[in-house]
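Asks: Build me a model:
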Amino acid sequence: MARRVLVLGLTGSIGMGKTTVGRQLESMGAKLCSADAIVHRLMGEGGGAVEIIAKQFPKSRKGNAIDRKELGAIVFNDKEKLKQLEAILHPLVIAEENRFIEQQTRMGARMVVMDIPLLYETNGQKRCDYVLVVSAPGFLQRQRVMKRPGMTEEKFRRILASQMPDRAKRKHADFVVSTGLGRGYSFRQAATFIKGIR
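Replies: As a prediction, the model looks like this:
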């Protein structure tokens, strides 16, 4: 019988450095599963969500894939349409995440890291043994986000409004990694946490 793998939830608001910390955890031997990467596959060429999304949002279809930019324009200012999209995607993403955990368990992995931006917003913490929240000062978060291609003040505000506030995430976390003092500092924090739970 395969030994149960430890499941670590990794989350944080936009621009907090979650991707960097995820890579650092991976370098320590954890197996990383990215919810964003799953969504890209589901909506990519021949992806499992293409037909369902295209039926709900026909204009978003581009060949045998979903045009993510077009889809974003459709749901960005419409909360009801965004909820419809989430109702399609969330169950499919969770199913893929569960398959990943099962696969890694069979392969003998000791720890998997579930990189889920909306972990708390979707109650994903209930599927994790521990939750690590990545955080940074607000001014630094804003600097990072505004450097992204196509980002605007309005888009940034809307993204923040759709996410649980950073302070609330930190309050609920088992551990917080600060990325405001450089990668070396965040790496040492993450390593300390991993050592403690192992």
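Asks: okay, CA-based contacts and neighbour counts for the rest of this
Replies: Noted.
Asks: any idea how far the closest residue to residue 61 other than its chain neighbours lies from residue 74?
Replies: Counting by Cα to Cα, 6 or more residues apart in numbering, residue 61 lies nearest to residue 54, which is 5.5 Å off, once chain neighbours are set aside. Residue 54 sits at a distance of 12 Å from residue 74 (criterion: Cα to Cα, to the nearest Å).
Asks: Comparing these two, which shows the higher neighbour count?
Replies: residue 54 (19 against 15; other Cα atoms under 10 Å).
Asks: so what's the more buried one up against?
Replies: Contact partners of residue 54, counting by Cα atoms under 8 Å, 6 or more residues apart in numbering, are 60, 61, 66.
Asks: Most neighbours among these, please name it.
Replies: Busiest of the contacts of residue 54 [other Cα under 10 Å] is residue 66, holding 26 neighbours.
Asks: Does it touch residue 50 like I think?
Replies: Yes. Using Cα atoms under 8 Å, residue 66 is in contact with residue 50, at 6.0 Å.
Asks: who touches both of the two?
Replies: 43, 44.
Asks: What segments of the protein are helices?
Replies: 18-27, 35-43, 50-56, 68-75, 79-106, 138-146, 153-162, 166-172, 183-197 (DSSP state H).
Asks: tell me which helix or strand of the protein sits lowest on mean pLDDT?
Replies: Among the helices and strands of the chain, helix 153-162 carries the lowest confidence by mean pLDDT, DSSP states H and E, at a mean of 87.
Asks: helices or strands up against it?
Replies: helix 138-146 (3 or more Cα pairs under 8 Å, 6 or more residues apart in numbering; DSSP states H and E).
Asks: Identify each buried residue in the helix it packs on, please.
Replies: Buried residues in helix 138-146, counting neighbours by 16 or more other Cα atoms under 10 Å, are found at 141, 142, 145.
Asks: Next: stretch 191-198.
Replies: Applying 16+ other Cα under 10 Å to stretch 191-198 flags residue 193 as buried.
Asks: do the same with stretch 127-141
Replies: Buried-residue list, stretch 127-141, by 16+ other Cα under 10 Å: 128, 130, 131, 132, 133, 134, 135, 136, 141.
Asks: Ends of that stretch, what's the gap?
Replies: End-to-end for stretch 127-141, by Cα to Cα: 27 Å.
Asks: can you list contacts of it?
Replies: With Cα under 8 Å, 6+ apart, stretch 127-141 has contacts from 6-18, 21, 125, 166, 169-170, 173-180.
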